[in-house]
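>>> I would like the atomic coordinates for the input below:
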Amino acid sequence: MDCPIPNIARTRIPLVGRSNTESLLGADLHDVGGCIADAEERIQSFSRQIASLEEQEEDNIAIFHRAVVPHKHLPLELLAEIFVHTGPLILPPSTTAAPWTLRAVCSSWRAVALLEPRLWNDIVMQDRYDFSKPWCQFFNEHILPSGLFSLNMYDSHYFRSICSIILEEIIIPNLSRLRTLVLHATTNELLDISKYSFPELVSLSLKLSPVGVQERVSADVIPFFNGMKQLRHLTLMVNGRPRKLPSSIPWEQLTSLTVTLPISWAADILNLCVNLRNCRLSIMRGGTPSESTPGTPTLSSVLVPKLQWLTLAKLSGTSGRDIHPFLDSLTLPSLSGLTISSDDLFRHHCDTINRLIVRSRCVLAILHIFSPYHDYGEDSDFIDPALGSLLESLNPSICEFHSPEISYPLEALENIAAGKLLPQLASFIFHNDTRYTFDAMQLREVISKRSYRGTLPGPRFAIVYNGDDHSEISEYGGVYDDKYRGHPESEYPELLWSPTYSSH
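This next block holds a predicted model:
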């Protein structure tokens, strides 16, 4: 066969250069193959290590979760202690050392505590006279970890005008998160605050102080309440002799209202509260119908269709001429509970109250009788005749009395326990704060005289003794439930009930 390359004779001599090249390439490839094998082995080793570390991580996370998850069931007090004692403080450090149980808490617990919404339900502005911009910035830095949790802010120095530095540095930056706000402001300050909106505010407690001739604008044109689409609970106190209220108050949205205002304003305001469920009303003198809310005021009829609980508190400077038409004008078809905590009402308006109770068909009345004898003396037969007449005609099935100063005659208690006095009542609950008013033997005699009329039980008879020595009272059938105190005007009527009271 001819050589393919021209002019080159074919020989049998091997090509030495080609042979050397092939041997060199083979050695290099062998070395590279060995390196690749080593690398693959190392990769497999690393993969095994990674898998092992991932397993360890999962185990550690599981251990951490098992240790941390129970925090959701811990009381708020313990979480607060963890928060305070395991990291920087909002307020200056306390001189009191942390409990020994908390000294060993790891830093991870503080992170967990910071993410607990219950810690951010309430933020109280402490009474401090050294508020400054750096302090407010320090405060803001420490509420940042709360993320988007709702904030409820209270100015604890409630009877002082709100500090402008708090407003500008703390409240305003958190407007979108505010659900509850308590503040005290003059009409001028309220006008300044009105340039901001509170879109998520659900509960507001406002103490408004007119500043007289220095007012820049009348209260009725202040747009402070504009944009409060979520407002449901309003507590409104007006100092002095107010002339007008802000017309922007969304009365129709409110489900709970606590208000102190002139009686001439009450009718118009209640007529606007079409969704109101709970109302605490303190009436004072002052104001005229023409200065209240827009429209022509009338006392012919005040309809609050959804009101379930009404509390009538102290009446400041009012007379029978003022209060009788107002109470008689009330139409409350859904009323189930009534609390009366005004001696003036008991002394002068018993008939009017009785008409309201019967007309509304409420089923529970709580009467705070602070001076049941009034001027009739300690030898009086129970209480003054007007109040006695009211009690005998009560429609409610349960009646509660609060008498912290003067005890009832033992004979009256015996008659109530036996069903001779107030026989229509299913329960009679008597609160007394006076120590040594009753002794155990007298109470035992009273309880033992309970009688039952046929198959129907007599009144459930309970004496809530709020003095220091209550063990003997409980032993002989009385009831002591200090937890029950403080809730007579609760927004939620179920808080009024104690298992001790609800069964015969």
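>>> mind checking how far the nearest residue to Ile193 once chain neighbours are set aside is from Tyr196?
Spatial nearest neighbour of Ile193, chain neighbours left out: Phe224 (6.3 Å); criterion: C-beta to C-beta, 6 or more residues apart in numbering. The C-beta positions use only the backbone N, C-alpha and C, and glycine is treated the same way. Relative to Tyr196, Phe224 is positioned 9 Å away (C-beta to C-beta, to the nearest Å).
>>> more neighbours, the two?
Here Phe224 and Tyr196 are compared on neighbour count by other C-beta atoms under 10 Å; more neighbours surround Phe224, at 25 against 12.
>>> how close does that one sit to Phe326?
Phe224 is 27 Å from Phe326, by C-beta to C-beta.
>>> and Val238, by the same measure?
Val238 is 18 Å from Phe326, by C-beta to C-beta.
>>> likewise Ser52?
80 Å.
>>> the residue nearest to Ile193 contacts Leu245, correct?
No. Contact criterion C-beta atoms under 8 Å: Phe224 and Leu245 do not qualify, at 10.8 Å.
>>> what's the weakest-modelled helix or strand in the chain?
helix 499-502 (a mean of 28; mean pLDDT, DSSP states H and E).
>>> that older thread, tell me which of Val238 and Phe326 has more neighbours.
Between Val238 and Phe326, counted using other C-beta under 10 Å, Val238 has the larger neighbour count: 23 against 19.
>>> thought that one was touching Leu208?
Yes. If you go by C-beta under 8 Å, Val238 and Leu208 touch, sitting 5.1 Å apart.
>>> neighbours of the nearest residue to Glu169 once chain neighbours are set aside, how many?
Using C-beta to C-beta, 6+ apart and skipping the chain neighbours, the partner closest in space to Glu169 is Cys136 (3.5 Å). Using other C-beta under 10 Å, Cys136 is surrounded by 20 other residues.
>>> average model confidence for the strand or helix carrying Gln44?
If you go by DSSP states H and E, Gln44 is part of helix 16-68. Average pLDDT, helix 16-68: 78.
>>> and stretch 330-348, by the same measure?
For stretch 330-348, the per-residue pLDDT averages 77.
>>> pull out the buried positions in it.
330-332, 335-346, 348 (16 or more other C-beta atoms under 10 Å).
>>> with stretch 170-182 instead?
So, applying 16+ other C-beta under 10 Å, buried residues of stretch 170-182: 170-171, 177-182.
>>> picking up where we left off before, so the residue nearest to Ile193: helix, strand or coil?
What DSSP: H, G, I helix; E, B strand; the rest coil gives for Phe224 is coil.
>>> do Leu310 as well
strand.
>>> do the same with Leu335
Strictly by three-state DSSP, Leu335 counts as coil.
>>> who touches it in this structure?
307-310, 360-362 (C-beta atoms under 8 Å, 6 or more residues apart in numbering).
>>> so how far is Leu201 from Leu151?
10 Å.
>>> what is in contact with those two at once?
By C-beta under 8 Å, 6+ apart, the residues touching both Leu151 and Leu201 are 178-180.
>>> residue ranges with poor pLDDT in the stretch 151-300 of the chain?
154-164, 210-221, 240-243, 285-300 (pLDDT under 70).
>>> Gln230 belongs to a helix, doesn't it?
No. Read with three-state DSSP, Gln230 is coil and lies in no helix.
>>> give me the nearest residue to it, chain neighbours excluded.
Counting by C-beta to C-beta, 6+ apart, the residue nearest Gln230 is Val202, at 5.2 Å.
>>> pull the contacting residues for the one you found.
179-180, 230-233.
>>> between these, which is nearest Thr258?
Lowest distance from Thr258 to the contacts of Val202 (C-beta to C-beta) belongs to His233, with 8.4 Å.
>>> so in terms of bridging, what pairs with that closest one?
Listed beta-bridge partners, His233: Ser203, Ser256 (assigned using DSSP bridges).
>>> any idea how far it lies from Arg179?
His233 is 10 Å from Arg179, by C-beta to C-beta.
>>> report the set of residues contacting both of these two.
By C-beta under 8 Å, 6+ apart, the residues touching both His233 and Arg179 are 202-203.
>>> about what we covered before: ramachandran coordinates for the residue nearest to Ile193?
phi -60, psi -40 (degrees, to the nearest 10).
>>> residues in contact with it?
190-191, 193-194, 246, 248.
>>> any chance of those residues in CSV, with neighbour count, distance to Thr352 and secondary structure too?
CSV is the format used below for the contacts of Phe224 (neighbours: other C-beta atoms under 10 Å; distance: C-beta to C-beta, whole Å; DSSP: H, G, I helix; E, B strand; the rest coil):
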residue, neighbour count, distance to Thr352, secondary structure
Leu190, 21, 36, helix
Leu191, 20, 39, helix
Ile193, 18, 40, helix
Ser194, 18, 39, coil
Pro246, 21, 31, coil
Ser248, 15, 33, coil
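>>> which SS class is Leu183?
strand.
>>> what's across from it in the sheet?
Here Leu183, judged by DSSP bridges, has bridge partners Leu206.
>>> so it touches Leu206, yeah?
Yes. Leu183 is in contact with Leu206 according to C-beta under 8 Å; the separation is 6.4 Å.
>>> so between the two, which is more surrounded?
Leu183 (22 against 19).
>>> quick revisit: of all the buried residues of stretch 330-348, which comes closest to Ile166?
Ser341 (33.4 Å).
>>> what backbone torsions are found at that closest one?
According to degrees, to the nearest 10, Ser341 has phi -130, psi 40.
>>> from now on call the first residue 859
Taking 859 as the first residue, the last one we looked at is Ser1199.
>>> tell me the pLDDT of Ser1265.
The model's pLDDT for Ser1265 equals 47.
>>> and if you look at Met983?
58.
>>> same thing with Leu973?
If you check Leu973, the pLDDT there is 63.
>>> ditto for the one 3 residues further on
Arg976 carries a pLDDT score of 59 in this model.
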